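> I need the structure of the sequence given here:
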Amino acid sequence: MTDPRPPRIITLDVAILGREFKIACREDERDELLEAVALLDRRMRDIRDTGKVSGTDRIAVMAALNIAHDLLRERKRAAMSDEVVMPREAGESFDAEAARRKIQAMQATIDETLAAQDKLF
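Predicted coordinates:
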């Protein structure tokens, strides 16, 4: 049975690049928010430590761009792997060339493994 009450909102005190912030979030999202804070703080420190970017605002923007780029790259990679794995709905096209390349790569791996096994006997 699910709880009909709305999730409780809490306020967290966090530090990012040495600056303190109060951030409100749902109680059940606390751990994820703290993980995000740690990631952002680490990225901002890395950028600051290179010495190529100065100013907290510029460092924050560069960190945000790097994180956004990582997210978009992962989404594209996941979408590409889903194209081969996910079944197609009626009327959708099937990327036969991508499937062929994937099968060839798997077959090459199998052939290499079997060739190594032949040397054992």
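> Tell me the helix or strand right after the one helix or strand A36 maps to.
In this structure, A36 is located in helix 30-50 according to DSSP states H and E. Heading C-terminal from helix 30-50, the first helix or strand you meet, by DSSP H and E, is helix 56-85.
> one step back: summarise which helices and strands the helix holding A36 is packed against.
strand 9-16, strand 19-26, helix 56-85 (3 or more C-beta pairs under 8 Å, 6 or more residues apart in numbering; DSSP states H and E). Glycine gets a C-beta too; all of them are placed from N, C-alpha and C.
> May I see the buried residues of the first one?
Of the residues in strand 9-16, those with enough neighbours to count as buried (16 or more other C-beta atoms under 10 Å) are 14, 16.
> okay, the angle between that strand and helix 56-85?
In terms of direction (axes from the mean of the first three to the mean of the last three C-alpha atoms, to 10 degrees), strand 9-16 departs from helix 56-85 by 110 degrees.
> so what secondary structure elements neighbour strand 9-16?
Against strand 9-16 (3+ C-beta pairs under 8 Å, 6+ apart) you get strand 19-26, helix 30-50.
> So what's the gap between the lowest-mean-pLDDT helix or strand in the chain and the chain middle?
Taking mean pLDDT, DSSP states H and E as the measure, the chain has helix 96-120 as its least confident helix or strand, at a mean of 75. Put simply, helix 96-120 sits 29 Å off its chain's centre (C-alpha atoms, centre = their mean, to the nearest Å).
> tilt between that helix and helix 56-85?
Interaxial angle, helix 96-120 versus helix 56-85 (the same axes, to 10 degrees): 80 degrees.
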